[in-house]
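Participant: below is the sequence, then the predicted model.
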Amino acid sequence: MERDVLSRVRAAGWGPDVWHIMAGKPYMARPVLGFRRPKVRIRGWDVSGTVEAVGSAVTEFGPGDEVMGEAQRGSFAELTVAPADKLARKPPRLSFEQAAAVPVAGVTALQALRDRGHVKQGQSVLVIGAAGGVGTFTVQIAKAMGATVTGVASTPKLDLVRSIGADDTIDYTREDFTDGSRTWDVIVDTAGRRPLGELRRALTPKGTLVIVGGDGGGNWTGGFFKGILRGPIVSMFVGQKLGAFTAKTTREDLQALAELIEAGSVTPVIDRTYDLVEAADAVRYLHEGHPAGKIVVTV
């Protein structure tokens, strides 16, 4: 296509978003994911690599350029095609592996805070799942916005959350942060496991809840869908804004992330790196555990 870019893949990111597509869960998402099999046959969205060729209408990139972005036709491959408006130049200070961790998780965090949370300097932000792929970006971007950030994670990951800038941390295995004793202006829930009623207790009366994760809630609806189906309805009767959203990767937001990275405000966190031939091991590791940051597959 005239607006497509062919790139040689150097690294590809792997996260829960890709697992949901592979597993076809939650079932309510199958009209988008594919009913009997995934609509996209090659796994992977996040990509970083080197441009091989461009379509006739592409003027932003040329052969040899180092890029990162979203490969809508799959990134677990030696070559992939992506629309030019889903790519941006790779920040020079990042390796290809680091750059592959940025696109989906970074854009999700940025849009959750800016477009849905409307975070302002001085506000308090609670990040649930602060050590995960989206969570690590959310903590750092919220700090760059001037917010006071509290990160929720398990005991072994609290040091990581502090190291990326969280002002405070909560060990969810030892403390119930939804008991109402503390409240936050904005909550970004990257896990999707807690009931709306509990999360509302942790919000200020005019606070905003943004659900970006869907791992909880069962096979049919997933945790994400309580934000889509129930959140807006409850919001009609209370002062709080409750809801979920799906991020949309754009060149403008990839460039905004690149600027934060170049300024030193954001650094991708990578849990493990696998070779492409070990992709099945990467899938198993993601499914069996809770990675700290992103998983990256190198090509």
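Facilitator: Looks like it arrived, so ask away.
Participant: and for His118, the neighbour number?
Facilitator: 13 (other Cβ atoms under 10 Å). The C-beta positions use only the backbone N, C-alpha and C, and glycine is treated the same way.
Participant: surely it touches Val210?
Facilitator: No. Using Cβ atoms under 8 Å, His118 is not in contact with Val210; the gap is 9.8 Å.
Participant: shared neighbours, those two?
Facilitator: Val186 (Cβ atoms under 8 Å, 6 or more residues apart in numbering).
Participant: any idea which element Gly69 lies in?
Facilitator: strand 66-70 (DSSP states H and E).
Participant: contacts for that strand?
Facilitator: 5, 7, 45-51, 61, 82, 86-90, 94, 96, 99-100, 102-104, 249, 251, 254.
Participant: kindly recompute the last result at 6 Å.
Facilitator: 45, 48, 50-51, 82, 86-87, 90, 99, 102-103, 249, 254 (Cβ atoms under 6 Å, 6 or more residues apart in numbering).
Participant: that one pairs with which strands?
Facilitator: Paired with strand 66-70 in the same sheet, following DSSP bridges, are strand 46-54 (antiparallel), strand 87-89 (antiparallel).
Participant: closest to Ala244 out of those strands?
Facilitator: strand 46-54 (20.9 Å; Cβ to Cβ).
Participant: let's see that closest one as PDB, backbone CA atoms only.
Facilitator: Listed next in PDB are the C-alpha coordinates belonging to strand 46-54 (Å, rounded to 0.1, in the frame of the first residue of the first chain):
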ATOM      1  CA  ASP A  46       5.200  -3.700  19.300                       C
ATOM      2  CA  VAL A  47       8.100  -3.500  16.900                       C
ATOM      3  CA  SER A  48      11.400  -1.700  16.500                       C
ATOM      4  CA  GLY A  49      13.600  -2.100  13.500                       C
ATOM      5  CA  THR A  50      15.100  -0.600  10.300                       C
ATOM      6  CA  VAL A  51      13.200   0.600   7.300                       C
ATOM      7  CA  GLU A  52      13.700  -1.600   4.200                       C
ATOM      8  CA  ALA A  53      11.300   0.100   1.800                       C
ATOM      9  CA  VAL A  54       8.400   2.600   1.900                       C
END
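Participant: in that strand, what's buried?
Facilitator: 46-49, 51, 54 (16 or more other Cβ atoms under 10 Å).
Participant: pLDDT and distance to Pro205 added to the residues you listed, as TSV?
Facilitator: Below are the buried residues of strand 46-54 laid out as TSV (pLDDT from 0 to 100; distance: Cβ to Cβ, whole Å):
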residue	pLDDT	distance to Pro205
Asp46	94	38
Val47	96	43
Ser48	98	43
Gly49	98	47
Val51	98	50
Val54	97	51
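Participant: quick check, nearest of those to Ile187?
Facilitator: Nearest to Ile187 among the buried residues of strand 46-54, with distances taken as Cβ to Cβ, is Asp46, at 25.4 Å.
Participant: kindly state the domain boundaries assigned to this structure.
Facilitator: 4-102+268-298, 105-244 (automatic domain parsing).
Participant: what's the first-to-last distance across the first one?
Facilitator: The one in question is domain 4-102+268-298. End-to-end distance for domain 4-102+268-298: 22 Å, by Cα to Cα, to the nearest Å.
Participant: what sits up against stretch 122-139?
Facilitator: With Cβ under 6 Å, 6+ apart as the criterion, stretch 122-139 contacts 15, 105-106, 108-109, 142, 147-153, 157, 160-161, 164, 166, 184-191, 212, 269, 292-294.
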